[in-house]
Each structure stands twice: as C-alpha cells, then as structure tokens.
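Student: attaching a predicted model along with its sequence, questions to come.
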Amino acid sequence: MTRLSASLLAQALRGVVLPAYDRSRITPGIVHLGIGAFHRAHMAVYVDDLLKDDPSWAIIGASLRRPDTKEALEPQDGLYTVAVRDAEGTHPRVIGSILKVLDANSEREDLLALMASPAIRIVSLTVTEKGYCHDPATGELDERHPDIAHDLANPAAPRSAPGMLVEALARRRAAGIAPFTVMSCDNLPSNGATVKRIVTRFARLREAALGDYVEGVAFPGTMVDRIVPSTTDADRETVAGLIGAEDAWPIMTEPFTQWVIEDDFPAGRPAFEKAGAQLVEDVEPFERMKLRMLNGSHSTMAYLGYLAGYEYISDVMGDEDFVRLIHGLMTQEVMPTLDMPGVDLGAYRDQLLDRFRNPALKHRTWQIAMDGSQKLPQRLLATIRERLAAGQGFERLGLGVAAWMRYVIGIDEKGDNIDVRDPLALRMQAIAADAGDDAEALYIGLSGLGEVFGTDLAENQSFAETVATHLDSLFEIGVKQTVNEVVG
Ligand code: CS2
C-alpha cells in the first residue's frame, strides 16, 4: 500500500477531508515542543482550520525525548490522519499544519536557531506535567532536577523544556528580536502563570538580567480538552482501510474538542476564535473546572478501574457502581468548589459522562494512570484542600487518592505486577516494600511524599482518616466491594 505523502494528496483520497489550502505556500510561525498525540489531535487541527486565511502560522514540531514522531512523519511530509470515533463510525481527516518535525537530541542547534528566528512568534508546549521539571505540590522549579542541573551547566545545549525556552529567548534578546509568546497546553494548574514562574526562575539562575527579560515575556494560560488514546496497530489498519494509504502514526480521538485561551499574544497570533477556540481574559476558572471534573474523574476511574480489571474507560462506565461513584464525585464534591457563572455544570458533567462512555474510544485506564504523582495535586488534592478548609466531606475524592496508593505498590488484586510509570516509581516501590502488608505504614510512607501532598495534607488528621480507611478497605475487601459500599 502507498504511504500517505504530499504527492498522494494531489491525487485526492476518496471520502477523506484534506487540507483546504496549498501546502507549498504555508510558512512556519509556531514551534511546538512535545509533538505527541495530544497536540496532533488538538492545536494542530485548529491551526489546520486557519491556514487557508493566514498561511504564516504553520507549525514546526519538536520532540524532546524520542525521535519516533519525526521518523513516522518525515516520510509523509508531515501529513497524518486524525480519525474521529463515535458510535456511528470513524471519520478520517488529513492534517497538513505540521511542516516538519525536529528531534531535539540530534538537531538541537537547528531547533534553537529556529526558535530564535523572527518568523516564530509562538512557542507552544505539550511536554506533560513532568516535562516542566517542577515540584507539583508548590509549582516551583525543581532546582535539583538532573535536567535542570545539566542545563544550568550547559546553557547553550539544553535538554529540558525550560532550558530550551530560556536559551532561545536569550538568543532573541542578544539579536534584538522581540520575544515569542510561550503557550503551555498541558494540564497544569494555572499553566500560564506556573510555567512563567518556572521559566523565569531558570532564567534568573542563569543570569539576573535574563530573569528580568523573561519576566516581560507573555505566557497566556490555556484550558485544553480532547481525549486522545494512544494509537494501536489495529488503529493503523483501520485508518489505512479508510484512507487507502498507509499512515505510520494516525491519531484516534473523540468528536469533542475545547480550547480556552487567555488573549495575551504581544507578537500576534492566528485567529484561533475562527476555529472555535474561546479567547478569554482569565482562563483559570475553566482550567479548574476541567482539571477537577474531567481529569479528577479520569484519574479516579483509572486507578480503581485498572485494579478492578477494566482495561478501558468505557468498560469502567459499564459498571453501575462506578458510574454512581463518578457522578457523585463530580456532583457532591467537585461542583460545589467551582464558581462558573454562565456555565451549566450539571450539563457539563452529563456531557463528560457521555464522553467517558464512548464505546469506540479505546482509552486505557493504564494510560491515564501514568505519572500520578504529577497529576494528583491539581486533579484531586486541590479540591480536597478546599473541602477540608470548608469542613466538608470528600469520601469519593479520598477513595481516588487511596486507589492511587493501592495502585503504585505495583501489584494488582490477583498478585500480578503492574507496570507503574511514574517519575517517583522507584521511591514509591521502596516505600511499599518497607510497609509490607501494613496499610497504615503504606499510607504514612506515601503521604510523606512532599512533592505530592505538601506538608499540610501529610499532617492533616481528617485527610489521614478518610484516605487510610479507604486504603485499608481496598486491601481488605477489594476494589469492587469498596466502591459498592461507598456508593451504597
Ligand atoms: C487523561 C488526559 O491521560 C490522562 O491523564 O486524564 O490526557 C485527558 O484525556 C485529557 O486531559 C482530556 O482533555
């Protein structure tokens, strides 16, 4: 079968939506760090919608860790398929907004030179929570992080995202070129302000004046939302069948997409609103709503669901007890913490439950379970802190935290190993080994992880009671029974 490529596009693929602009005329205006599946299902699609009106905003992507995206897209001239799945079927569309992908490891100089060039007016990022090298509990740069130490010692050859941004900004400053706007599209709390704090701190450690300069750079906050399971070989086959060509890395996703952006782009921006993005003054209420409602539910379903033997989120949604748990978590415990004038939170919740049910979207609980130590603070713990301060209960959120503790010990209910992926995995497994069968000791060990729980939660009596009781129950009667008791 022929491979998807620019020359193939000219022959038109039957039944497939194709770029609505002449690809030979588009020029780069955006560098995107972390060119993973999420970006390709989200921002790259919005930009693809806009290039017909303004061809100067195409994207050059970069991967900071692995060259696999470059290897997949290069032979395809940067083209790939986004396949939207719902109960009716799979709807393919070829995206052309990514001109090229650079591998930061082998093409670092090219990437830095590009980021320092005047054509680039936005550098956006999806490097996942851990890619910012910060302490998730405080939102500050982790100055002892090995990549940060490396980049401070080798500022002109950085490997971390903060190091790349600061080196490129330093080069622009030296050349008298106005700075680009930095736009994080990761699920961090207050992602604009948080990333600004991290990057400014890194710059200041390099040189005080560089810190002052970065202080003046715009870091608009964003709320991003689209569910994107990782692509499987079966998906590759499905897409090949639909487009009649081979695509080494199609992206499978849901119909829903949302993007809320703080309108702060001194160097200009594409007309994102024309592609359906909401441009607002303050994104934080939207971000809080999404992180607590969607991602808080997701993480809770991921740990409990994985342990209960459910491979996909849609399987979890097939269990009525779990549905009641998640409905209750959102309605009773999260919604009262949100202040969203003009948004119908009940409707938002119901829409989320429908999205989770999407049977065509094979979203693994294991995938969502990854990197929990980086995700829990903004997804579950921030809500719990507010409920504690108001003297309110948090049974279901507490069960989510207990399920994470039960999961990260790395052994499931049948005694099989769990492949726990987390930057703290080794430390957590050492804590679990020390605790042995003692659930109380496990609770004390894990809640002592300061970068996850801070000191306040570790020392909080009600937090300990709620979470440790659930953890004990997870060990004693198992996941399904515990969920049943909590919803009963
Ligand atoms: C998920 C998110 O993997 C995860 O942790 O919760 O990737 C989620 O699918 C997206 O944030 C949805 O917008």
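Tutor: Sure, I can see it.
Student: and the stretch 201-350 of the chain, which residues reach the ligand?
Tutor: Applying CB under 6 Å from any ligand atom, one finds that the stretch 201-350 of the chain approaches the ligand through 225, 226, 227, 294, 295, 298. In this view, the C-beta of every residue, glycine as well, is placed from N, C-alpha and C.
Student: closest to residue 26 among those residues?
Tutor: Relative to residue 26, the closest of these is residue 226; by CB to CB it sits at 22.9 Å.
Student: what's the closest non-adjacent residue to that closest one?
Tutor: Nearest residue to residue 226 in three dimensions, chain neighbours excluded: residue 257, at 4.6 Å (CB to CB, 6 or more residues apart in numbering).
Student: most neighbours among the residues of the stretch 201-350 of the chain next to the ligand, please name it.
Tutor: Sorting those by how many neighbours each has (other CB atoms under 10 Å) puts residue 298 first, at 26 neighbours.
Student: distance-wise, check the closest residue to it other than its chain neighbours relative to residue 421.
Tutor: Excluding its sequence neighbours, the residue lying closest to residue 298 (CB to CB, 6+ apart) is residue 368, at 5.1 Å. Residue 368 is 11 Å from residue 421, where distance means CB to CB, to the nearest Å.
Student: which one of the two has more residues nearby?
Tutor: residue 368 (22 against 12).
Student: for the chain, which spans come out with low pLDDT?
Tutor: For the chain, the stretches flagged by pLDDT under 70 are 12.
Student: so it: which segments form each domain?
Tutor: Using automatic domain parsing, the domain parsing of the chain gives 7-280, 284-487.
Student: select, out of those, the one closest to residue 1.
Tutor: Of all the domains of the chain, domain 7-280 sits nearest to residue 1, with 4.8 Å by CB to CB.
Student: okay, how far is it across that closest one, tip to tip?
Tutor: 40 Å (CA to CA, to the nearest Å).
Student: please state the offset of that domain from the chain centre?
Tutor: Domain 7-280 sits 12 Å away from the centroid of its parent chain (CA atoms, centre = their mean, to the nearest Å).
Student: contact partners for residue 308?
Tutor: Counting by CB atoms under 8 Å, 6 or more residues apart in numbering, residue 308 makes contact with 316, 319, 322, 413, 479, 480, 483.
Student: just the buried residues of these.
Tutor: 316, 319, 322, 479, 480, 483 (16 or more other CB atoms under 10 Å).
Student: and the second one, how far from residue 304?
Tutor: Relative to residue 304, residue 319 is positioned 10 Å away (CB to CB).
Student: cool, the fifth one as well?
Tutor: Using CB to CB, we find residue 480 at a distance of 9 Å from residue 304.
Student: pretty sure residue 404 sits against residue 379.
Tutor: No - using CB atoms under 8 Å, residue 404 is not in contact with residue 379, being 9.9 Å away.
Student: for these two, list the residues in contact with both.
Tutor: residue 299.
Student: before we move on, the earlier item: kindly reformat the contacts of residue 308 as JSON lines containing secondary structure.
Tutor: Output for the contacts of residue 308, formatted as JSON lines (DSSP: H, G, I helix; E, B strand; the rest coil):
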{"residue": "316", "secondary structure": "helix"}
{"residue": "319", "secondary structure": "coil"}
{"residue": "322", "secondary structure": "helix"}
{"residue": "413", "secondary structure": "coil"}
{"residue": "479", "secondary structure": "helix"}
{"residue": "480", "secondary structure": "helix"}
{"residue": "483", "secondary structure": "helix"}
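Student: for these, give me CSV that also has distance to residue 95.
Tutor: Shown next, in CSV, are the contacts of residue 308 (distance: CB to CB, whole Å):
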residue, distance to residue 95
316, 30
319, 35
322, 34
413, 41
479, 39
480, 41
483, 40
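Student: among the residues of the stretch 201-350 of the chain next to the ligand, which lie within helices?
Tutor: residue 298 (DSSP state H).
Student: of the residues of the stretch 201-350 of the chain next to the ligand, closest to residue 353?
Tutor: Closest to residue 353, out of all of those and judged by CB to CB, is residue 294, at 10.5 Å.
Student: contact partners for that closest one?
Tutor: Residue 294 makes contact with 225, 352, according to CB under 8 Å, 6+ apart.
Student: how much space is there between residue 234 and the ligand?
Tutor: 20 Å (CB to the nearest ligand atom, to the nearest Å).
Student: run a quick neighbour tally on that residue.
Tutor: Residue 234 has 10 nearby residues by other CB under 10 Å.
Student: quick one: residues in contact with the helix or strand encompassing it.
Tutor: Element membership for residue 234 (DSSP states H and E) is helix 233-243. With CB under 8 Å, 6+ apart as the test, helix 233-243 has contacts from 1, 4, 13, 15-16, 81, 83, 90, 92, 94, 246-250, 252.
Student: what of stretch 404-424?
Tutor: Residues outside stretch 404-424 that contact it (CB under 8 Å, 6+ apart) are 130, 299, 303, 306-309, 366, 369-374, 376, 425, 428-429, 432, 442-443, 446, 449, 451-452, 467, 471, 474-475, 478-479.
Student: out of those residues, list just those in helices.
Tutor: 299, 303, 306-307, 366, 369, 372-374, 376, 425, 428-429, 432, 442-443, 446, 451-452, 467, 471, 474-475, 479.
Student: list the residues that contact the spatially closest residue to residue 129 that is not a sequence neighbour.
Tutor: Computed as CB to CB, 6+ apart, the closest residue to residue 129 that is not its neighbour in sequence is residue 374, at 3.7 Å. Counting by CB under 8 Å, 6+ apart, residue 374 makes contact with 128, 129, 130, 136, 422, 423.
Student: between the buried ones among the contacts of residue 308, which is closest to the ligand?
Tutor: Within the buried ones among the contacts of residue 308, proximity to the ligand (CB to the nearest ligand atom) peaks at residue 316, which comes in at 12.8 Å.
Student: which ones are touching the closest one?
Tutor: 301, 304, 305, 308, 310, 322, 356, 365.
Student: where does whatever residue of the stretch 51-200 of the chain ends up closest to the ligand fall, phi/psi-wise?
Tutor: Nearest residue of the stretch 51-200 of the chain to the ligand (CB to the nearest ligand atom) works out as residue 187 at 5.1 Å. When read as degrees, to the nearest 10, the backbone of residue 187 gives phi -80, psi 50.
Student: and it, how many neighbours does it have?
Tutor: 24.
Student: how far away is it from residue 406?
Tutor: With distances taken as CB to CB, residue 187 is found 23 Å from residue 406.
Student: same check on residue 86?
Tutor: Plainly put, residue 86 is 33 Å away from residue 406 if you go by CB to CB.
Student: so which of the two has more stuff around it?
Tutor: The neighbour comparison of residue 86 against residue 406 (other CB under 10 Å) goes to residue 406, with 29 against 14.
Student: quick check, residue 188 in contact with residue 379.
Tutor: No - using CB under 8 Å, residue 188 makes no contact with residue 379, being 10.9 Å away.
Student: hmm, residue 302 is touching residue 365, no?
Tutor: Yes - counting by CB under 8 Å, residue 365 is a contact partner of residue 302 at 4.5 Å.
Student: list the residues that contact both of the two?
Tutor: residue 313.
Student: reformat the buried ones among the contacts of residue 308 as TSV; add distance to residue 209.
Tutor: Converted to TSV, the buried ones among the contacts of residue 308 look like this (distance: CB to CB, whole Å):
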residue	distance to residue 209
316	52
319	58
322	54
479	55
480	59
483	55
